[in-house]
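>>> 3D, please:
(chains A and B)
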Amino acid sequence: MTDALAIKGLAVEFDDFRAVDGVGFSVAEGESFGLVGESGSGKSTVLRAVAGLAPVTEGSIFVRGEEIRPARSKAFYRRVQMVFQDPYGSLHPRHTIDRALAEPLAVHGIGDAERRILKALDEVGLGKGFRFRYPHQLSGGQRQRVAIARALILEPTILLLDEPTSALDASVQAEVLNLLEEIRRERRLTYVLVSHDLAVVTHMCERLLVMQHGKPVELLTSADLAARRIETPYTRELMVASEGFRREP
Amino acid sequence: MSALLDVENLRVSFPTRSGMVEAVRGVSFTLGRERLGIVGESGSGKSQTGRAILGLTPPHATVTADRLVFDGIDLLAASEKERRTLRGKRIAMVLQDPKFSLNPVMRIGEQIMETLAAHGRGSGAEARRRTLAMLEAVQIRDPERVFNLYPHEVSGGMGQRAMIAMMLVAEPDMLIADEPTSALDVTVQLQVLSILDKLVAERGMGLIFVSHDLRLVSSFCDRVLVMYAGRVVEEIAADRLHQSQHPYTQGLLNCLPKLGQSRHPLPVLDRKPEWAA
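The predicted model follows:
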């Protein structure tokens, strides 16, 4: 079986700074894969490189076995969509939710917008009452639901999620994570999830890659992580940090 | 132990088009020389509580309280001038994001020296010496170099340490830290917290730690106030948090994904109107 997404020897350079260096992994159809690391580890850049938002200096990216060229085709974006971290920054402040959802349909020449918009809103649990509101009239969690609806409206098979819940309160985070899981089950989607939160990644993903300074550190399954079968000191350090503050005696 | 801060029935309300909205609705607590955590979600009034104590509530809002006393000084009766002398000198505040709360066009060392100058606690060579000592106390390895840097030239963790240095250099009695580590990475977060912890313990300060992160607060503080819709719904010793009685606190703890526990779907918070009553 070909993988939904495969990355080989990926490097991303900005001027003379190597943000990502030699990262490779593959994600099976319907799998959920996590990228973990601190800020500056290059985890988001990997995602952005896949989406065509960061330059690929070296290496190659394959979607269903097909190598992706630097200029992404429209067909690529019908397959691969992205949800960003900041629900406040990722929606146009002067466009209604209706307009935000209609835009991808217009770009891809897909008709039947009326029905699709209502269905997308319904799917993320917002209902049609939200359709003609502006982003500032919504809470952070509701905005993130709109961003998810906008990504889903093209019926992609791969969803790239860049810290989708780190700007949200714990209780809202739980709701959005549940929504993402439910959608993945129903649509058999493939996820690549970036997060600095080990607990969120192990909850959502089957396997994960730990990154540091742009390089891969350790590839492990969530079960390994939960059972603390960890090979590298850096992953262990992250693990300890995620358990909260400890006062030295 | 006499209380450093005594707050009784604190209320902060903001005028809006549809009438007054109360962000803080009758909060009462006392603070000794201890670490007190205030936890809640966005909009729970936790930050406004901290700001009201410091006198940083926006001028169009109204602050009322039955008592708001800091070390024998009635803060509500104090003039703007008196509050200014307290701010920075005896009560200090560490803000969330060093990127936005440090002056971008002033060298870090000068900003710290400014605090000393503003409170008449030395200037010139003496202030410089104290600033460098303070930078060293927050575990900045090369204080001479960092002294001359601008905020954009340092990392988030370093910036936050510089801000802590700035706040502690005047040796305040009470420190309010509003989400001091939320903009930082987990590992850096812990370094900054342990510096804060050490300094608070050494200098015998009172600390109010405002955060949305229940797990972090409970591992760091002695006592935790849980706020919901402008009220304190529960007060609990931090090490007994897992025995909390209030369904809101339990719900908040419960909805976090945990390592090594598979729960699909995650339990979500079922908000009851009576919690806000």
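>>> beyond the longest helix along chain A, next helix or strand please.
Secondary structure of chain A per DSSP state H: the longest helix is helix A:170-187. Counting by DSSP states H and E, the next helix or strand C-terminal to helix A:170-187 is strand A:190-195.
>>> so does whichever helix or strand comes after that following strand get close to chain B?
Counting by DSSP H and E, the next helix or strand C-terminal to strand A:190-195 is helix A:198-204. Yes - for helix A:198-204, a contact with chain B is found by CB under 8 Å from any CB of the partner chain, at A:Leu198, A:Ala199, A:Val200, A:Thr202, A:His203, A:Met204. To be clear about C-beta, it is placed using only N, CA and C from the backbone, and glycine gets the same treatment.
>>> nearest to chain B, of the residues you listed?
Nearest to chain B among the residues of helix A:198-204 next to chain B is A:His203, at 3.6 Å by CB to the nearest CB.
>>> what about the closest one, neighbour count?
26 (other CB atoms under 10 Å in any protein chain shown).
>>> what's around the nearest residue to it once chain neighbours are set aside, how many residues?
Excluding its sequence neighbours, the residue lying closest to A:His203 (CB to CB, 6 or more residues apart in numbering or on different chains) is B:Pro257, at 3.6 Å. Neighbour count for B:Pro257, taken as other CB under 10 Å: 22.
>>> ok, now B:Arg263?
12.
>>> please tell me how far it sits from A:Pro156.
Using CB to CB, to the nearest Å, we find B:Arg263 at a distance of 27 Å from A:Pro156.
>>> with B:Ala277 instead?
According to CB to CB, B:Ala277 and A:Pro156 sit 44 Å apart.
>>> of these two, who's got more company?
A:Pro156 (20 against 7).
>>> so what's the residue nearest to the more buried one when sequence neighbours are not counted up against?
Leaving out its chain neighbours, the residue that sits closest to A:Pro156 by CB to CB, 6+ apart is A:Gln81, at 4.2 Å. When contacts are counted by CB atoms under 8 Å, 6 or more residues apart in numbering or on different chains, A:Gln81 touches A:Ala151, A:Leu152, A:Leu154, A:Pro156, A:Ile158, A:Leu159, A:Leu160.
>>> over to A:Phe14?
Counting by CB under 8 Å, 6+ apart, A:Phe14 has contacts A:Pro55.
>>> now with 10 Å?
By CB atoms under 10 Å, 6 or more residues apart in numbering or on different chains, A:Phe14 lies in contact with A:Val20, A:Thr45, A:Ala54, A:Pro55, A:Thr57.
>>> what packs against the helix or strand containing B:Arg130?
For B:Arg130, the host element (DSSP H and E) is helix B:124-137. Where contact means 3 or more CB pairs under 10 Å, 6 or more residues apart in numbering or on different chains; DSSP states H and E, helix B:124-137 is packed against helix B:108-118, helix B:143-147, helix B:156-168, helix B:186-203.
>>> hang on, the earlier thing: helix or strand right after whichever strand or helix holds the residue nearest to A:Pro156?
Using DSSP H and E, A:Gln81 maps to strand A:80-83. Proceeding N to C from strand A:80-83, the next assigned helix or strand is helix A:97-107, under DSSP H and E.
>>> that next one: what's the following helix or strand?
helix A:113-123.
>>> returning to that earlier point: for the residue nearest to A:His203, which three-state class applies?
At B:Pro257, secondary structure determined by DSSP: H, G, I helix; E, B strand; the rest coil is coil.
>>> go ahead and confirm it touches A:Thr202.
Yes - with contacts counted by CB atoms under 10 Å, B:Pro257 reaches A:Thr202, the gap being 7.3 Å.
>>> what strands flank the strand or helix carrying A:Ala19, and is each parallel or antiparallel?
Element membership for A:Ala19, per DSSP H and E: strand A:17-27. When pairing is defined by DSSP bridges, strand A:17-27 lines up against strand A:5-14 (antiparallel).
>>> in the strand it pairs with, what counts as buried?
A:Leu5, A:Ala6, A:Ile7, A:Leu10, A:Ala11, A:Val12, A:Glu13 (16 or more other CB atoms under 10 Å in any protein chain shown).
>>> let me know the pLDDT of A:Ala170.
For A:Ala170, the pLDDT comes out at 86.
>>> separation between it and A:Lys119?
Distance from A:Ala170 to A:Lys119, by CB to CB: 29 Å.
>>> what of A:Arg69?
Applying CB to CB to A:Arg69 and A:Lys119 gives a distance of 32 Å.
>>> do A:Val176 as well
19 Å.
>>> now swap in A:Ile153 and tell me
Counting by CB to CB - A:Ile153 and A:Lys119 are separated by 8 Å.
>>> cool, B:Asp185 as well?
39 Å.
>>> more neighbours, those two?
B:Asp185 (20 against 13).
>>> helix, strand or coil for the closest residue to the more buried one other than its chain neighbours?
Of all residues not flanking B:Asp185 in the chain, A:Glu38 sits nearest, at 4.0 Å (CB to CB, 6+ apart). What three-state DSSP gives for A:Glu38 is coil.
>>> what about A:Glu38, how many residues nearby?
Counted with other CB under 10 Å, A:Glu38 comes out at 19.
>>> next up, the contacts around A:Gly59.
Contacts of A:Gly59 by CB under 10 Å, 6+ apart are A:Ile7, A:Lys8, A:Gly9, A:Leu10, A:Ala11, A:Val12, A:Val20, A:Asp21, A:Gly22, A:Val23, A:Gly24, A:Ala49.
>>> same deal with B:His119?
So B:His119 contacts B:Arg84, B:Thr85, B:Leu86, B:Arg87, B:Gly88, B:Lys89, B:Arg90, B:Val169, B:Ala170, B:Glu171, B:Pro172 (CB under 10 Å, 6+ apart).
>>> low-confidence ranges in the chain?
Because you didn't say which chain, this covers chain A. Along chain A, segments meeting pLDDT under 70 span A:1, A:248-249.
>>> my question was about chain B
In chain B, residues with pLDDT under 70: B:1-2, B:121-122.
>>> got the residues of the stretch 101-250 of chain B near chain A?
By the rule CB under 10 Å from any CB of the partner chain, the part of the stretch 101-250 of chain B lying against chain A is B:155-157, B:181-191, B:193-194, B:196-198, B:201, B:212-221, B:248.
>>> from those, which would you call buried?
Using 16+ other CB under 10 Å as the burial test, those include B:156-157, B:181, B:183-191, B:193-194, B:196-197, B:212-221, B:248 as buried.
>>> can you name the residues that contact the most centrally placed residue in chain A?
With the centre of chain A defined as its mean C-alpha position, the nearest residue by CA atoms, centre = their mean is A:Leu161, 1.0 Å away. By CB under 10 Å, 6+ apart, the contact set of A:Leu161 is A:32, A:34-35, A:47, A:81-85, A:147-148, A:151, A:176, A:180, A:191-195, A:204.
>>> direction included, what does the helix or strand harbouring it pair against?
Per DSSP H and E: A:Leu161 is located in strand A:158-162. Looking at strand A:158-162 with DSSP bridges, its partner strands are strand A:80-83 (parallel), strand A:190-195 (parallel).
>>> could you say which of those strands is packed most deeply?
Comparing the strands paired with strand A:158-162 by mean neighbour count (mean count of other CB atoms under 10 Å in any protein chain shown), strand A:190-195 ranks first with a mean of 26.
>>> and that strand, how far out from the chain middle?
How far strand A:190-195 lies from its chain's middle: 4 Å, per CA atoms, centre = their mean, to the nearest Å.
>>> pull out the buried residues from stretch B:20-37.
Buried, per 16+ other CB under 10 Å, within stretch B:20-37: B:22-25, B:27-31, B:33-37.
>>> now these as TSV including distance to B:Met205 and secondary structure?
Output for those, formatted as TSV (distance: CB to CB, whole Å; DSSP: H, G, I helix; E, B strand; the rest coil):
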residue	distance to B:Met205	secondary structure
B:Glu22	30	strand
B:Ala23	26	strand
B:Val24	23	strand
B:Arg25	28	strand
B:Val27	21	strand
B:Ser28	22	strand
B:Phe29	17	strand
B:Thr30	15	strand
B:Leu31	10	strand
B:Arg33	7	coil
B:Glu34	9	coil
B:Arg35	9	strand
B:Leu36	11	strand
B:Gly37	15	strand
